[in-house]
Structures are given as structure tokens and as C-alpha cells.
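Novice: got a predicted model here, sequence first, then my questions.
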Amino acid sequence: MPGPKNPNSEDSTPESEHQELSGDRKIPAAVIKRLSLYTRALQNLERNKVEKVSSTELAKELGLNSAQVRKDLAYFGQFGVPGFGYPVGELRKKLKHILGTDRKINVALIGVGHLGKALLSYGGFNRQGFRMRWAFDIEVRDKTIGAEKVPVYNISELEQVVRRENIELVILTVPAEAAQGIADRVVGAGVSAILNFVPKRIQTPPHVKVHYVDLAIEMESLSFYLR
Ligand code: NAD
């Protein structure tokens with residue numbers, strides 16, 4: 001049954017429209033998204049044994065301006081050292097802590113079709129802190145998917161497995177007509193974060209955060225610039 005309208009649902013609308021509470025401060029959702037970009041850039045720098053980075057260098061790497069970088073990071077405290085820049089390793093650790101990815105998050109995917117299989121076959125999410133080790137489908141055609149051998153469960157086991165394995169985040173790649181029913185079930189099982197690839201809005205209670213990914217919309221907005 002559709003729940004009340006959820007103010008936590010989010011897609012690519014302007015950042016000013018989406019504010020998230022973090023302690024007693026309001027952080028624009030777009031800033032939270034950029035933290036992931038900073039973390040990735042810092043990871044690459046660390047891999048290349050770079051120990052410090054300036055806001056200008058970080059901005060150049062990500063196609064932003066340095067004032068934006070300093071403003072974003074200032075939301076979370078005083079990271080930079082004047083005349084030195086940001087300590088790469090320390091900043092990466094702090095940002096991962098802020099994002100909550102300094103621990104492993106258990107992720108399940110529901111709908112092991114064309115898109116679902118492609119996502120399950122990508123091994124890189126684990127490196128970013130996401131343990132994508134559970135998949136569900138209404139029809140189990142393959143017992144496991146990909147080199148990581150992610151097991152596929154029948155959807156009838158959903159609630160039981162979600163509770164037992166402490167699954168916190170669910171990716172939806174089911175047909176549109178199944179999306180709401182599955183969303184209701186995962187929320188009922190205690191999940192409060194959904195990444196929805198299905199081109200359909202889902203209704204969830206206010207405590208549940210839903211993010212939408214739609215490549216067609218992204219391509220459409222790019223096509224505007226091709227005119
Ligand atoms: P698909 O038909 O190949 O896969 C859907 C899978 O869901 C099938 O394996 C099916 O058995 C399973 N399924 C159906 N009902 C289910 C239920 N009640 N519980 C569990 N599993 C169920 O489809 P696809 O091409 O992989 O697309 C999947 C979804 O992703 C669609 O909604 C599609 O529109 C969407 N999609 C989104 C994007 C995007 O950019 N966001 C891109 C491609 C596809």
C-alpha cells in the first residue's frame with residue numbers, strides 16, 4: 001500500500017531543493033554527492049603515494065573550482081592546513097567516516113535480469129565499502145552471478161534473508177509493475193535506503209531514503225546540448 005509522500009526521495013533536481021540533516025546543520029544533498037567524488041580522487045592520490053593536496057589541485061582533478069571545494073569541506077570541520085593543503089590519507093579517512101563508508105554496508109539487488117546481472121557482475125562496489133552479496137528474483141534461473149558468485153535467492157525468502165544478514169541498502173531492478181510491492185516488502189523488513197533503477201516513483205514512509213537512477217533522463221538532458 002502506498003505510504004505517505006516521502007521528502008527523502010531524491011533525483012537530480014537542484015541542490016537547493018534537497019537539504020539533509022547532519023547533526024544540527026543542514027548539508028545540501030549535492031555536497032554529500034561531491035564528498036564521494038572527493039573520496040575517490042583522494043583514493044587515487046593515495047594510491048600514487050601523494051601525501052598532500054591543495055584545494056586547487058583537488059578542484060582541477062574534479063572539474064570544480066577551488067572555492068567550491070573549500071566551502072564543501074568546511075561544512076564538516078577544519079581539514080586544511082594553511083600553506084600545506086589537505087593531508088590526503090587523513091582527509092580520505094574523515095570523508096569516508098562522514099559518508100558512513102568506513103564500514104561495510106550489506107547490499108541486496110532485486111530483479112536479476114539484464115540490468116541486475118550487469119550490476120552484480122561488477123566487482124568494484126566491494127572496494128568502495130558495499131558488500132553486494134545477495135540477489136533476489138521471482139524466478140531463480142542461475143544460482144549465482146558473476147565472478148564473485150553472488151547467490152540468487154527466491155523472492156519468497158526476501159524478509160528472512162534481509163533480517164538475518166542485516167541488509168541495509170536495496171537496489172531495485174525489477175519491472176515497473178513489481179516495484180511498489182517489492183519496495184513495501186523491503187521497507188517492512190527494515191531497509192531504509194533504496195536505490196531505484198525502475199523508471200517509476202515509489203511511495204515510502206518518511207524515514208526511508210530513495211535515490212533514483214535513470215540513464216535515459218541523463219541522456220535526454222545531454223541531448224539538449226546536441227541540438
Ligand atoms: P529484465 O526483464 O531483464 O529483468 C527484470 C527481472 O526482474 C527478471 O529477472 C524478472 O524475473 C525479475 N522480476 C520480475 N518480477 C519480480 C518480482 N516481483 N520480484 C523479484 N524479481 C522480479 O529487465 P531489465 O532490462 O533488466 O530492466 C529491469 C528494470 O530496470 C526495468 O524496470 C527497467 O525499466 C529498468 N532499467 C532502468 C535503467 C536506468 O537507467 N535506470 C536502465 C535499464 C533498465
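Specialist: That came through fine. Numbering: from 1, shown residues only.
Novice: and stretch 215-224, anywhere near the ligand?
Specialist: Yes - Stretch 215-224 is in contact with the ligand by C-beta under 6 Å from any ligand atom, via 215-216. C-betas here are computed from N, CA, C, even on glycine.
Novice: from residue 186, how far out is the most centrally placed residue in the chain?
Specialist: Using C-alpha atoms, centre = their mean, the residue of the chain that lies closest to the mean C-alpha position is residue 195, 7.1 Å off. Note on residue 195: its distance to residue 186, by C-beta to C-beta, to the nearest Å, is 11 Å.
Novice: what sits in contact with each of those two?
Specialist: residue 170 (C-beta atoms under 8 Å, 6 or more residues apart in numbering).
Novice: now residue 62: closest residue in space that isn't a chain neighbour?
Specialist: The spatially closest residue to residue 62, leaving aside those adjacent along the chain, is residue 37, at 5.3 Å (C-beta to C-beta, 6 or more residues apart in numbering).
Novice: need the pLDDT of that neighbour.
Specialist: On pLDDT, residue 37 comes in at 93.
Novice: look up how far residue 98 lies from it.
Specialist: Where residue 98 is concerned, residue 37 sits at a distance of 13 Å (C-beta to C-beta).
Novice: same question for residue 181.
Specialist: 34 Å.
Novice: quick one, which of the two is more surrounded?
Specialist: residue 98 (18 against 12; other C-beta atoms under 10 Å).
Novice: got a list of what the closest residue to the ligand within the chain touches?
Specialist: Using C-beta to the nearest ligand atom, the closest approach of the chain to the ligand is made by residue 113 at 1.6 Å. With contact set as C-beta under 8 Å, 6+ apart, residue 113 has these partners: 137, 173-174.
Novice: pretty sure the residue nearest to residue 62 sits in a helix.
Specialist: Yes - the assignment for residue 37 by DSSP: H, G, I helix; E, B strand; the rest coil puts it in a helix.
Novice: and this structure, what are its domains?
Specialist: 15-99, 105-221 (automatic domain parsing).
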